[in-house]
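Student: I would like the atomic coordinates for the input below:
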Amino acid sequence: EQNGYWIDGMIRCAHLLSNRNLLDRATEQVVGVLSHPDSDGYVGPQCLKDPSRWPEYTRWCHVPFFRAAMAHLDTTEQPLLVESLRQHYRSPTMQAWRGRDVCNVEIMAWLYAKTRDKSLLDKALTAFLDNDQALEAAGRAISLEGFRSDEVATEHGVTYNEMVKLPVILHMCLNRPDFLAAARHALWKLDRDHLLVSGVHSSAEFLIGNDCLASHETCDIADHTWTLGYFVLATGDASYADRIERACFNAGFGAILKDFSALQYFSCPNQVVADRTSNHNEFQKGSAWMSYRSNPGTSCCAANVHRIFPNYANRMWMETKAGHPCAILYGPSIARFHIDCQPVSIEQETNYPFDEDILFTIHTSKPLKFGLTLRIPGWCTDASLAINGKTVHPQGSLKPGTFFQLEALYRNGDTVQ
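Tutor: Residues are numbered from 1 along each chain as shown. Sure, this is the predicted structure:
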C-alpha cells in the first residue's frame with residue numbers, strides 16, 4: 001500500500017512538473033513490474049497471488065500501485081504495458097474480491113476506457129455487485145444500501161472514501177443513475193454527520209462525528225480529494241470542486257509543515273498542542289500520531305501525503321462534452337487543448353488562494369470561437385468577469401457554486417480576468 005501511494009504521488013508530480021529525473025525514478029518501478037508478469041498474466045507480489053493466504057485486502061495494494069500506472073500510461077503511449085495490465089485482470093488468479101479489494105474496479109474501468117475490452121467492464125460490474133451483496137448482508141455502511149440509507153455511517157474513513165467512488169465510476173461506464181444517486185447521498189450523509197471545518201470528514205481511523213475534538217487521518221485528505229474528482233467528472237456539479245479546494249487548502253496545508261519535512265497522522269482543527277503525547281483520540285491515545293514528524297507512527301500517511309496537491313493539479317483543467325476548456329480549480333498553469341482541430345493553449349496567472357485575482361491569456365494561431373467554462377467558487381458572492389480589461393459580467397451577477405461558460409471569439413493574446 002505505502003509503496004503504491006508513494007509511486008503514484010511521485011509519478012504525478014513528475015509528469016505535472018515535466019521533471020525528467022523524478023519521472024525516471026518513478027517509472028522504473030512501474031515499468032519494471034508491468035514488464036514481468038507471470039505466465040498466467042498475474043502481475044504483482046507472489047505472496048499475494050494466492051488469496052486464500054490472507055483474510056482480506058489481498059488485492060488492495062494493487063490499487064494504489066496501478067493508479068500510478070494509470071497516471072503514467074495516460075501520459076505516454078506504451079501499448080505493451082497497457083496490454084500487460086489488461087492480461088493481469090483477465091488472469092484466472094484475479095477472482096477474489098473481498099471488502100476494499102473490490103476497488104480494483106477503478107483500474108478495470110480505466111482499462112475498459114483505454115482498450116474497449118468489454119469483458120473487463122463485465123468483470124468489474126460482477127465483482128462490484130457480488131461484493132456489494134456480501135457487504136449488504138453484513139450490514140456494512142459501504143454497500144449501495146448503506147449509501148442510500150439515512151443512518152449515520154461508522155465505517156473506516158479511508159475505506160468509505162475508496163468505496164464511494166466505485167458506483168460513480170460504473171455510472172460513467174454504464175449509465176447507472178441509480179448508482180450515482182446512491183453515491184451522492186453517501187457523500188451528503190458524510191458531510192451531514194462527520195465533516196470538519198477543515199474540509200475533510202473525521203476519521204480516527206473510523207468516522208467519529210464532528211465535535212470539537214474530532215480528527216481526520218492525513219490519508220483521507222488524499223483519498224477524499226481523489227474521489228471527489230470522479231464526482232466532478234460524473235456530475236458537472238461545481239460544489240464537488242469547492243470541496244476539493246477546501247480540503248486541499250485547509251486540511252492539506254494543516255497536516256504538514258510548509259517544507260514537507262514532517263506531517264501529522266491525525267489532524268484536528270482545534271488542536272493547540274502537537275507533541276509526542278498529544279493524541280487525544282481513542283485510537284492510540286497518548287501516542288505521537290498528532291505530532292509533526294517525518295513518520296508520525298505509520299507509513300501510509302507519510303507515503304500518501306504528497307498525492308494531495310497532485311490530485312488538485314490533476315483536476316484543475318477538464319474538457320466539456322463539446323471538447324471546450326473548463327477551469328475546475330485555480331492555480332498558475334498552462335493547459336493545452338485541441339478545439340475544432342485547432343491547438344489552443346491557455347495560461348493562467350494567479351496567486352490563488354492567497355489572492356483572488358485570476359488572469360487567463362489565450363494563445364491561438366487564428367481567431368476561434370469557443371466557450372471557456374469557469375468555476376464560480378461557492379464562497380464567492382461578488383465574482384466578476386472581464387475580457388481584455390472590459391467588464392462583461394459585473395460583481396454580483398454570477399451565481400456562487402456554479403460553472404459559467406464565457407463564449408466568445410477569442411484571438412491570440414486575449415485575456416479573461
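Student: Can you name the residues that contact the closest residue to Phe260 other than its chain neighbours?
Tutor: Leaving aside its chain neighbours, Phe260 sits nearest to His306 (7.0 Å; criterion: Cβ to Cβ, 6 or more residues apart in numbering). The C-beta positions use only the backbone N, C-alpha and C, and glycine is treated the same way. Shown in contact with His306 (Cβ atoms under 8 Å, 6 or more residues apart in numbering): 6, 9-10, 13, 260.
Student: Just the buried ones from these?
Tutor: For the contacts of His306, a burial check counting by 16 or more other Cβ atoms under 10 Å picks out 6, 9-10, 13.
Student: Against which helices or strands is the top helix by length along the chain packed?
Tutor: Assignment by DSSP state H gives helix 118-137 as the longest helix of the chain. With contacts taken as 3 or more Cβ pairs under 8 Å, 6 or more residues apart in numbering; DSSP states H and E, helix 118-137 sits against helix 79-90, helix 104-115, helix 144-148, helix 166-174.
Student: Can you check which of the ones you listed gets nearest to Ala183?
Tutor: With Cβ to Cβ as the criterion, Ala183 lies closest to helix 166-174 of the helices and strands packed on helix 118-137, at 4.3 Å.
Student: residue contacts, the spatially closest residue to Ile387 that is not a sequence neighbour?
Tutor: Of all residues not flanking Ile387 in the chain, Val416 sits nearest, at 5.7 Å (Cβ to Cβ, 6+ apart). Listed by Cβ under 8 Å, 6+ apart, the contact set of Val416 reads 359-360, 362, 372, 374, 385-387, 406.
Student: Need the buried ones from those residues selected in ChimeraX.
Tutor: Buried residues within those, by 16+ other Cβ under 10 Å, are selected in ChimeraX with:
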select :360,362,372,374,385,387,406
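Student: Tell me the backbone dihedrals of the nearest residue to Leu385 once chain neighbours are set aside, please.
Tutor: Excluding the flanking residues, the one nearest Leu385 by Cβ to Cβ, 6+ apart is His393, at 4.2 Å. According to degrees, to the nearest 10, the main-chain angles of His393 amount to phi -140, psi 110.
Student: any residues touching the longest helix of the chain, and which ones?
Tutor: 86, 89-90, 97-99, 101-102, 104-105, 108-109, 111-112, 142-146, 166-167, 170, 173-174.
Student: Sort out which residues of it are buried, please.
Tutor: Neighbour-count burial for helix 118-137 flags 120-121, 123-125, 127-128, 131-132, 135 (criterion: 16+ other Cβ under 10 Å).
Student: Excluding sequence neighbours, find me the nearest residue to the residue nearest the centre of the chain.
Tutor: For the chain, the residue nearest the mean C-alpha position is Trp226 (1.0 Å; Cα atoms, centre = their mean). Of all residues not flanking Trp226 in the chain, Asn311 sits nearest, at 5.1 Å (Cβ to Cβ, 6+ apart).
Student: Mind jotting down where the helices sit in the stretch 301-417 of the chain?
Tutor: In the stretch 301-417 of the chain, the segments counted as helices under DSSP state H, counting those that start in this stretch are 308-314.
Student: Show me the contact partners of the helix or strand of the chain with the lowest mean pLDDT.
Tutor: Scoring the helices and strands of the chain by mean pLDDT, DSSP states H and E places helix 299-304 at the bottom, with a mean of 89. Defining contact as Cβ under 8 Å, 6+ apart, one finds that helix 299-304 is touched by 1-3, 5-6, 9, 217-219, 222-223, 263-265, 294-296.
Student: Write the ChimeraX selection for whichever of those are buried.
Tutor: Typed into ChimeraX, the line below selects the buried ones among the contacts of helix 299-304, using 16+ other Cβ under 10 Å:
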select :1,5,6,9,217,218,219,222,223,263,264,265,296
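Student: Which members of the contacts of helix 299-304 occur in strands, if any?
Tutor: Residues of the contacts of helix 299-304 located in strands (DSSP state E): Glu217.
Student: For Gly199, give me its contacts.
Tutor: Residues in contact with Gly199, defined by Cβ under 8 Å, 6+ apart, are 243, 246-251.
Student: Go again with 10 Å.
Tutor: For Gly199, the contacting residues are 191, 216, 221, 224-225, 242-252, 254, 269, by Cβ atoms under 10 Å, 6 or more residues apart in numbering.
Student: and these, which of them are in strands?
Tutor: Per DSSP E, the contacts of Gly199 map to strands at His216.
Student: Could you identify the buried members of the contacts of Gly199?
Tutor: The neighbour-count test (16+ other Cβ under 10 Å) marks 216, 221, 224-225, 242-252, 254, 269 as buried among the contacts of Gly199.
Student: so of those, which ones are in helices?
Tutor: Members of these lying in helices (criterion: DSSP H): 221, 224-225, 242-246, 254.
Student: Check those residues and tell me the two furthest apart.
Tutor: Largest separation among those by Cβ to Cβ: Asp242 and Gly254, giving 17.7 Å.
Student: what bits of the stretch 1-150 of the chain have low per-residue confidence?
Tutor: Where the stretch 1-150 of the chain drops to pLDDT under 70, the residues are 51, 53-57, 94-96.
Student: in a helix, that's where Leu233 is, yeah?
Tutor: Yes. Leu233 sits within a helix when classified using DSSP: H, G, I helix; E, B strand; the rest coil.
Student: can I assume Leu187 is in contact with Tyr240?
Tutor: Yes. Counting by Cβ atoms under 10 Å, Tyr240 is a contact partner of Leu187 at 8.1 Å.
Student: any shared contact partners between the two?
Tutor: Shared contacts of Leu187 and Tyr240 (Cβ under 10 Å, 6+ apart): 227-228, 231.
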